[in-house]
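Asks: For reference, the sequence and a predicted model appear below.
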Amino acid sequence: MAETMTIGKALNSGLRRAMEDDPKVVLMGEDIGKLGGVFRITDRLQKDFGEDRVIDTPLAESGIVGTAIGLALRGYRPVCEIQFDGFVFPAFDQIVTQLAKMYTRSGGRVALPIVIRIPFGGGIGAVEHHSESPEAYFAHTPGLKVVSCASPHDAYWMIQQAIRSDDPIIFQEPKRRYWEKGEVETSASLDQVFPLHASRVLREGTDCTVVAYGPMVRVALDAAAAADEDNGRQLEVIDLRSVSPLDLAPVYQSVRRTGRLVVVHEAPLTGSISAEITARVAEECFYSLEAPVMRVSGYDVPYPPARIEEEYLPDLDRVLDAVDRTFTF
Amino acid sequence: MAETMTIGKALNSGLRRAMEDDPKVVLMGEDIGKLGGVFRITDRLQKDFGEDRVIDTPLAESGIVGTAIGLALRGYRPVCEIQFDGFVFPAFDQIVTQLAKMYTRSGGRVALPIVIRIPFGGGIGAVEHHSESPEAYFAHTPGLKVVSCASPHDAYWMIQQAIRSDDPIIFQEPKRRYWEKGEVETSASLDQVFPLHASRVLREGTDCTVVAYGPMVRVALDAAAAADEDNGRQLEVIDLRSVSPLDLAPVYQSVRRTGRLVVVHEAPLTGSISAEITARVAEECFYSLEAPVMRVSGYDVPYPPARIEEEYLPDLDRVLDAVDRTFTF
Amino acid sequence: MAKGNAARSRSTAGTKPAASARTGTRAAGKSPGKSPGNGSREPEFVQLLTPDGERVEHAEYSVDFTDEEYRGLYRDMLIVRRLDTEATALQRQGELGIWASLLGQEAAQIGSGRALRPQDMAFPTYREHGVLWCRGIDPIMPLGLFRGVDFGGWDSRATKMQMYTVVIGAQTLHATGYAMGVAKDGKCGGDDDSANEAVIAYFGDGATSEGDVNESFVWASVFNVPIVFFCQNNQYAISEPVERQARAPIYQRAHGYGFPGIQVDGNDVLATYAVTEAALDAARHGEGPSMIEAYTYRMGAHTTSDDPTRYRIASEVEAWQQKDPILRIRRLLEKQQIADASYFDEIDAEADSHAADLRARVLALPDPDPATMFDNVYPNGSPVLLAQREQFVAYHAGFESKGSGH
Amino acid sequence: MAKGNAARSRSTAGTKPAASARTGTRAAGKSPGKSPGNGSREPEFVQLLTPDGERVEHAEYSVDFTDEEYRGLYRDMLIVRRLDTEATALQRQGELGIWASLLGQEAAQIGSGRALRPQDMAFPTYREHGVLWCRGIDPIMPLGLFRGVDFGGWDSRATKMQMYTVVIGAQTLHATGYAMGVAKDGKCGGDDDSANEAVIAYFGDGATSEGDVNESFVWASVFNVPIVFFCQNNQYAISEPVERQARAPIYQRAHGYGFPGIQVDGNDVLATYAVTEAALDAARHGEGPSMIEAYTYRMGAHTTSDDPTRYRIASEVEAWQQKDPILRIRRLLEKQQIADASYFDEIDAEADSHAADLRARVLALPDPDPATMFDNVYPNGSPVLLAQREQFVAYHAGFESKGSGH
Ligand SMILES: Cc1ncc(C[n+]2csc(CCOP(=O)(O)OP(=O)(O)O)c2C)c(N)n1
Ligand SMILES: Cc1ncc(C[n+]2csc(CCOP(=O)(O)OP(=O)(O)O)c2C)c(N)n1
Ligand SMILES: [Mg+2]
Ligand SMILES: [Mg+2]
């Protein structure tokens, strides 16, 4: 059964289904109860599942993650909402020193099946601290997994897969795409849908590979359509989906054919996940690359004021410019 | 005038001189007063400069950095000691959302000349959370600069340069090398010594370039000596010194000659600074590289128990193995 | 503005922790009943002006304003409310990205803001537009942040008002560190009182849950610094009522850390002034930190993005409208014939003209040059960043020369 | 061990925040003088056994142990001290990387540890070897962490004792979350008391400054969870005396958050037992959180890496030796003829044999296979990591086949 819905609604429906499927799933966060979250992703869930399962927490992110760890030790499966990307940092210690390491420290005895949902990225005209892309911090942290969805269908299923997984997962939601609609095949079974930690070719092409995740997948697809129209270049677009662990086999295969790669994300360039992808591709596809991997990203500056954020964010033009540059080598 | 001293003593002397030079310099941290810090880097400084300038703080890292910001707003130049690498994370929010951004947010009106000293890395047989290498988190944060010293001479001067700089600087000290001795030229002038944010060729070579920083510089140098002895290969060793901003011009020049590059650090591989270096070198030296850049690093696992840490840490053998591999392409 | 004749009660003063602990005892003893956060019972706060505009006496706090000063407080509050209304309208019309209204909190902000001396330093949240006004900062300044053209344009050194802080609670540590610096500089507890300085840190009821805020209490007490923690308990952190943050009244938190805490009617500009002035005086005199809980109400939405109908009932808001901070001082002015109808008309007109001026200037605010995002990242610059800037400029120049993009 | 007949005073109980606030008042009223942290004056804590071994009565707390139980407490404390001495020796001989000694804190740990019921869950720091002993955990377990062969090898579910936590304060939030789960499961406040559970969170005086610990106070009070915050105030955080963390006595912190806090003589195993049992009972009965400050002293170094002569004077340590927790219970046993010399000899011998056994087994502890560092990183594994593991194994296999490395 396919339904058309927005990414926001798909996440809401996925959360609802996860809560129906497992009574141990609890949601925690600021303003997620009556308000339904500032983006309404938890809309009506407290009404339907009660205050015991949808918990409006005190205003303290370390507390949210720290108590979620305690709840997980007690057998619960907490799903934490961090209200905005820029507010995950007070919880950084609990995430990096506690959540990420518990399974290892316990010698594999104690898993912490916790999902931390973070609406991330820019493009919504917000004030400072509301448009960050923190995924590289988490991807550099052994013990965490990091995923990002780019479509309603993935939103619906990936959130359920993340909740079902025993791994601690940072779930980054493309906030500027919350309102974008798409088809969701809701009748599939959770065990059979496309795996959580796998990247996926969204559009096939022969001339240049473009890798993106989260909010930048739309930009990559638009760029592919424009390239085709402009000069007939066929871009292969891959949605990374899993930022950690990386699933680069499809990227290697693609680059071996195209010889060219452009990686796109909003996060600042230095030390970003595109650096890791580039390093791996440069090694794996050493003899196939016709040009250096090009990276299209945010700049190494604090996220700028909203009125100029469009110049900071990668867009179709910048992606096509990078594609062009791969053809100058 | 050249004196022989350990890295620990060189830092202590550098701090002392910075405090003599500028009455606004204050030291803050846990146990840095009477105890002189757990590594004695601030030994005798409280005795000589008083409790007003060498402040034993309450046990809270966010508090240390947060109040340091306030002191800097008041015109002080705080130097914070984080007792061990693994305990910087409670301060992460203050570092990333406040310290790093203040200069930008204030439109360039308010600089925060704060140095955060972090003894980092493994190899001392410590328990968990005492052997971390967090530099990639900071290098990915616009607004911060990150440096690491590898010799007594650099320790002595770089700490003074960092304190003199108006930029917020994460100063990572190679704790396992605190006791290593070397010559320090103390009579130079702070304005004339080698620049803080510049990398430096420590040993010239023609066959393969090896880049390292902090505690791994010694390993790289040892590997170069061994390679020479083993099979006459000449490795060029570059001490990165500045992890952010990267000063890669000497690396590009070197790789253009050697065609081969190995990057060494203790931090886990994925999303590390070697990824960034690799991505940049792969672009800048696209036509010069004879082999993919090889990275020798910690693995993507939580830092292991001390009894097996030597297998986690890059050593001479692993560096030479990587060098060998660059010759198989 | 002349100082009110505020007497600082022993219950909020005290240089020694022992005295503070006693204060905690006594203050707690005063309200043994329900937590005021529960709302079902009037809290036992300091009040000098009732909702009906009656001047009431308090055993420990008083003010003694001239008529002109009374009128000045009314004018301040009326103008900042009018400017706030204009900002909300500008947001509705798409001229601001978002706006955080101070509606209902005018007395808390003007009362505390006017109690500051020129040499004192203030650390705000993102809602202290009224305090900015008291610091003489052009009202357009905070609108740059909310429009998205900058991060707030005032000079924090010259105005003795730090930048807005969006990350909840972070500024309380900055304020504490700054106050450590004041103490180090010998600028509190000195004999020449005009040279003494105090620091005020603003934060909300929600912020009291953040680790940073509690760490600032630890620091302030351990180092005995000249700071006033000013909590505007407006009953909500976005949708969450204060009961989600604390079970005990917020001002009592201070006692657990060993310094005085006091609750004041935050809709009473006179009481807020008196209590804040006393706390600032104590700080300047070297008596250390204290906390003020200004018990007030956020009469509007959290921000223009918020929809409070989802989480609170109209009758609650209506009940608080009866306690409106501006209404009550207007009633006082009328009752005591300190001002007449023509005065009120005059202030309304003045406020409207401020608002019109604000609007015109906001509409004229230019967008920044995008390349400026690369400036002011590092005091000493960065070659890596400079290279990015150059690429950025070249890329955009390419468009200009080529015409449009793809 | 049979339960002591501990009466829980109203001053630490109370389901409503109002009652807690009153408690704060009264408790504070009891010690209006100097902060006990100043050390110059005996704090007004709960005490049932003086340093001289006299049993004294307390208005609200009492214990009623059998002779066998008294002897049991002595035995526990003696053995954990002996094991601790052995561990210190093992470290000196290079068999452990570091050791955090519990010397001086035996009463605080055994008193609280024995007050736990089997179903209660404990969250320790890195120094709770005595509590581990009470939980029946093999004393070799924590030594794995300090030797560097693992991160602590006990099964936290089976033993109802969580892992050690090195990051100061982090475990208090875990404990609070776990207690939220207990409440959600309906496992506190139920009619069948044997099914009710409580949680105890251990932390030090230094930890009280960390944001996390204060956030856990917020959470615990807001959600009214069944938790006992057990602070061992051993007067030091490494080199820093408790005055660097707090100006008010630590137990008073609780009152500011709206729940009871009480100070107990942490070198008195009887009082610690009584106070902890009462607090755990209250938690199990659904009366919410409380805090206990066990006023004690770290008689040894912070860890074997520390040199306390740099920051404290010998006379201070000597003064505390007079208040030794084991000495005083031994005096009690002697005075009341609960045990004779042969009993003490027997326990000494038993302790020695435990120590010898511990030593032998520590020496025999194998180093882990290095490749295991790749295991147990993710419950569901990671292909990227698996590839690293394979490279690692191949690389090391290369050495074995080649002989030695370069
Ligand atoms: C660290 C952090 N977490 C979350 C937010 C999102 N947020 C913005 S305002 C707010 C509520 C603040 O409540 P309060 O402290 O009472 O201040 P008020 O807005 O009522 O003035 C929240 C949760 C934030 N800005 N910072
Ligand atoms: C977050 C963090 N910061 C710093 C440290 C280093 N450290 C280890 S123990 C300690 C002192 C702890 O004092 P306290 O809480 O009183 O416990 P005690 O050791 O006295 O039992 C410090 C600062 C740490 N482990 N974690
Ligand atoms: Mg509020
Ligand atoms: Mg201690």
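Replies: Thanks, I have it. Ligands and ions are numbered 1, 2, ... in the order given.

Asks: just checking, what packs against whichever helix in chain C runs longest?
Replies: As assigned by DSSP state H, the longest helix anywhere in chain C is helix C:67-92. Packing contacts for helix C:67-92, counted by 3 or more CB pairs under 8 Å, 6 or more residues apart in numbering or on different chains; DSSP states H and E, involve helix C:106-115, helix C:129-134, helix C:141-147, helix C:269-284, helix C:325-335, helix C:341-363. The way it works is simple: take the backbone N, C-alpha and C, and place the C-beta from them, glycine included.

Asks: That helix near ligand 1 at all?
Replies: No - Helix C:67-92 stays clear of ligand 1 (CB under 6 Å from any ligand atom), getting no nearer than 13.2 Å.

Asks: Distance from the chain centre to that helix, please.
Replies: In terms of CA atoms, centre = their mean, to the nearest Å, the centre of helix C:67-92 is found 14 Å from the chain centre.

Asks: what ranges do the strands span in the stretch 201-350 of chain C?
Replies: Secondary structure of the stretch 201-350 of chain C by DSSP state E, counting those that start in this stretch: the strands cover C:227-233, C:236-237, C:240-241, C:261-265, C:290-295.

Asks: closest one to ligand 1 among those?
Replies: When the strands of the stretch 201-350 of chain C are compared by CB to the nearest ligand atom, strand C:236-237 sits nearest ligand 1, at 3.2 Å.

Asks: does chain D sit close to the closest one?
Replies: No - contact of strand C:236-237 with chain D is not found when judged by CB under 8 Å from any CB of the partner chain; the minimum separation is 12.1 Å.

Asks: residue closest to the middle of chain C?
Replies: residue C:128 (4.0 Å; CA atoms, centre = their mean).

Asks: Out of the helices and strands packed on helix C:67-92, indicate the one that is most buried.
Replies: Stretch with highest mean neighbour count among the helices and strands packed on helix C:67-92: helix C:106-115 (a mean of 30; mean count of other CB atoms under 10 Å in any protein chain shown).

Asks: Straight-line length of stretch A:13-31, end to end?
Replies: Start-to-end span of stretch A:13-31 (CA to CA, to the nearest Å) is 18 Å.

Asks: Buried residues, it. List them.
Replies: Neighbour counts over stretch A:13-31 (16 or more other CB atoms under 10 Å in any protein chain shown) mark A:13-19, A:24-31 as buried.

Asks: Looking at those, spot the one nearest chain D.
Replies: Distance to chain D across the buried residues of stretch A:13-31 (CB to the nearest CB) is lowest for residue A:26, with 7.8 Å.

Asks: contacting residues around the helix or strand that closest one falls within?
Replies: Take DSSP states H and E as the rule and residue A:26 turns out to sit in strand A:25-29. The contact list for strand A:25-29, computed with CB atoms under 8 Å, 6 or more residues apart in numbering or on different chains, reads A:15, A:18-19, A:37, A:42, A:45, A:52-57, A:64, A:67-68, A:71, A:76-83, A:117, A:163, D:184.

Asks: List the residues that contact residue 105.
Replies: You didn't say which chain, so I picked chain A. When contacts are counted by CB under 8 Å, 6+ apart, residue A:105 is found next to B:128, B:302, D:151, D:152, D:163.

Asks: You answered for a different chain; I wanted chain C.
Replies: Counted by CB under 8 Å, 6+ apart, residue C:105 has contacts C:127, C:130, C:232, C:234, C:266, C:296, C:297, C:298, C:325.

Asks: wait, isn't the last one in contact with residue C:106?
Replies: In this case it means residue C:325. Yes - between residue C:325 and residue C:106 there is a contact under CB atoms under 8 Å: 5.1 Å.

Asks: Please enumerate the shared neighbours of the two.
Replies: By CB under 8 Å, 6+ apart, the residues touching both residue C:325 and residue C:106 are C:77, C:269.

Asks: how about a markdown table for the contacts of residue C:105, with distance to ligand 4 added?
Replies: Formatted as a markdown table, those follow (distance: CB to the ion, whole Å):
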| residue | distance to ligand 4 |
| --- | --- |
| C:127 | 39 |
| C:130 | 44 |
| C:232 | 36 |
| C:234 | 38 |
| C:266 | 39 |
| C:296 | 40 |
| C:297 | 42 |
| C:298 | 41 |
| C:325 | 47 |
